[in-house]
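> Sharing a model prediction with you, sequence too.
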Amino acid sequence: MKAAEVNQKWNVLREAIAKSFDMELPDLKVMLFLIGVQELGKGPKQFSKREKEELMHIATCRLFSSMGFYELRGLDEEGWPHWELVKPIPNYTLLEQELIIKSLIIDYFQDLDYI
């Protein structure tokens, strides 16, 4: 996808999420958090600050697994997924990183038939 298309779809997705959760437009961190909660599969609950950071890491690993950078190694005793980096992620610029992550988030929600 070209940058303009990614940004257009990103705005549509943000509006859909905001409407579904009756919230302000979510930023990138909120989107990663929501994906992390979905991937954890335990439903909504109160998470500590550290757990929230771990959920965003889970989301990042899940998203980049579609590009072959991470592989799921399994779940720990508490049911949290653990990922392994299997090939180095190139040194993208900050703008490239943001565009790639937005694109992967869009793909993730499209795969769930959310948008």
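Structure received. Numbers count the residues shown, from 1 in each chain.
> and residue 90, which of the three is it?
Here residue 90 is coil, with the state taken from DSSP: H, G, I helix; E, B strand; the rest coil.
> Next one: it relative to residue 97, how far apart?
In this view, residue 90 and residue 97 are 10 Å apart by Cβ to Cβ, to the nearest Å. From N, CA and C alone the C-beta is placed, and that goes for glycine too.
> ok, now residue 49?
Relative to residue 97, and taking Cβ to Cβ, residue 49 is found at 23 Å.
> Which one's more surrounded, these two?
Applying other Cβ atoms under 10 Å to residue 49 and residue 97 shows that residue 97 carries more neighbours, namely 13 against 7.
> any idea which element the more buried one lies in?
Using DSSP states H and E, the element containing residue 97 is helix 94-111.
> Return that helix as CSV; C-alpha atoms alone will do.
Extracted in CSV, the C-alpha atoms of helix 94-111 (Å, rounded to 0.1, in the frame of the first residue of the first chain):
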residue,chain,number,x,y,z
LEU,A,94,10.9,6.4,12.2
LEU,A,95,8.5,7.3,9.4
GLU,A,96,8.9,3.9,7.7
GLN,A,97,8.4,2.1,11.0
GLU,A,98,5.2,4.0,11.7
LEU,A,99,3.9,3.3,8.2
ILE,A,100,4.8,-0.4,8.4
ILE,A,101,3.1,-0.8,11.8
LYS,A,102,0.0,1.0,10.7
SER,A,103,-0.2,-1.2,7.6
LEU,A,104,0.2,-4.3,9.7
ILE,A,105,-2.4,-3.2,12.1
ILE,A,106,-4.8,-2.5,9.2
ASP,A,107,-4.1,-6.0,7.9
TYR,A,108,-4.7,-7.5,11.3
PHE,A,109,-8.1,-6.0,11.7
GLN,A,110,-9.0,-6.8,8.1
ASP,A,111,-8.1,-10.5,8.8
